[in-house]
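*Asks:* need coordinates for the following:
(2 chains)
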2 protein chains.
Amino acid sequence: MKNIDEIIGKLKFDEKGLVTAVAQDHETGEILMLAFMNAESLRKTVETGQAVYWSRSRQKLWHKGEESGNVQNVKDIYLDCDGDALVLKIEQVGGAACHTGHRTCFYRKLQDGELVEVDSPVFDPDKVYKHKGA
Amino acid sequence: MKNIDEIIGKLKFDEKGLVTAVAQDHETGEILMLAFMNAESLRKTVETGQAVYWSRSRQKLWHKGEESGNVQNVKDIYLDCDGDALVLKIEQVGGAACHTGHRTCFYRKLQDGELVEVDSPVFDPDKVYKHKGA
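*Replies:* Numbering: from 1, shown residues only, chains lettered A, B, ... in the order given. Alright, predicted model coming up:
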C-alpha cells in the first residue's frame, strides 16, 4: 500500500503512541478481539496483509498467531471519525482468535446478573502454546 | 440486573478507571463506534437499558443520544477474556451513531494508500446538535 505514512500521519495516537484496533470476522461480522497498534505495527500489517499488533504486556510487536499459527489475514481496514480507532476485517486462520481457545475473546455475556460463558473453546490452549499469550 | 457490582468487580479498569466498549448493531453486526466506560457508566447502562459512556473529553457521564435523540438501546453485553473490553449489542435509534451524521464512526476505509469515505451521512449534524459532540 502506498502512502501508508500519510495515513499514519492522520491517526491520533494516544500518549503511549497507540490506537485501538478491533478485529472483526470479515464474513460473519463477529467481533473477535480488541488490541492495540502503534505506527510500526500498522505499517507491518499493511505490508504483510496479516494483523500485527503492539503487545502492551510484552512491550513489543506482536504478529498475531506467530506461535499458535492462528494468524489473521486482513481484508480491509477502517478508521473512525476521530482517528484513534481501527476496525480490521479479517479472516481468522484456525478459527479461534482468543488465547483461551475460544473463537472470540468476547465469549462471556452478562445475563441476569451473572457472567455466562456462551461459546465453547475451539482448541485446547495447553496444546497450542508453549508460552502464555496469543 | 442483579449483582452488577459483582460483575464490575471482575472488570480490569485501566489507570483512568475505564474499559473500552465497542457498540455493534445487534442485527447487522456492523461496528458503530468505540467508547469508554467507568464503573458508574456501566451500572447506569445496565439500569437504564441504554448506553451510557464516560466522555474522556468532557470528563463526565455521557448518555449517548441525550442531545441528538440517537440513543442506543442495549440488547446484550459481552465481556472479553481479560476483562478490559466490552461489546454492546445495540439498537441504534435514529440510524446513526456518529456525531458526523454517519451510521458508523468507521466510515473511512484504507484503500490503495488513500482514506476513502465509504458511507454517506444519514443526517446533517448542524441540524441535530446545538453543541459539538454526540
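*Asks:* and the nearest residue to A:A97 once chain neighbours are set aside, backbone torsions?
*Replies:* Among residues not flanking A:A97 along the chain, A:L32 sits closest, at 3.8 Å (Cβ to Cβ, 6 or more residues apart in numbering or on different chains). Heads up, the C-betas are built off the backbone N, CA and C, glycines and all. Here is the backbone geometry of A:L32 (degrees, to the nearest 10): phi -100, psi -40.
*Asks:* what do you get for A:E6?
*Replies:* Phi and psi for A:E6, reported as degrees, to the nearest 10, are phi -70, psi -40.
*Asks:* the residue of chain A found nearest chain B: what secondary structure?
*Replies:* Residue nearest to chain B within chain A (Cβ to the nearest Cβ): A:G29, separated by 2.7 Å. Following DSSP: H, G, I helix; E, B strand; the rest coil, A:G29 is assigned to coil.
*Asks:* sticking with A:L88, tell me its helix or strand.
*Replies:* strand A:85-92 (DSSP states H and E).
*Asks:* dump that strand to PDB, keeping only the CA atoms.
*Replies:* In PDB, the C-alpha atoms belonging to strand A:85-92 read as follows (Å, rounded to 0.1, in the frame of the first residue of the first chain):
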ATOM      1  CA  ALA A  85      -9.600   3.500  16.500                       C
ATOM      2  CA  LEU A  86      -9.400   1.000  13.600                       C
ATOM      3  CA  VAL A  87     -11.600  -1.900  12.600                       C
ATOM      4  CA  LEU A  88      -9.800  -4.800  10.900                       C
ATOM      5  CA  LYS A  89     -11.900  -7.000   8.800                       C
ATOM      6  CA  ILE A  90     -10.100 -10.300   9.000                       C
ATOM      7  CA  GLU A  91     -10.100 -14.000   8.200                       C
ATOM      8  CA  GLN A  92      -9.100 -15.800  11.300                       C
END
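*Asks:* what's the spacing between it and its chain's center?
*Replies:* Centre-to-centre, strand A:85-92 and its host chain are 7 Å apart (Cα atoms, centre = their mean, to the nearest Å).
*Asks:* start to end distance for stretch A:114-128?
*Replies:* Distance between the two ends of stretch A:114-128: 30 Å, counting by Cα to Cα, to the nearest Å.
*Asks:* could you do stretch A:18-33 as well?
*Replies:* 16 Å.
*Asks:* so which bits of that stretch are buried?
*Replies:* If you call a residue buried by 16 or more other Cβ atoms under 10 Å in any protein chain shown, then stretch A:18-33 has these buried ones: A:18-26, A:30-33.
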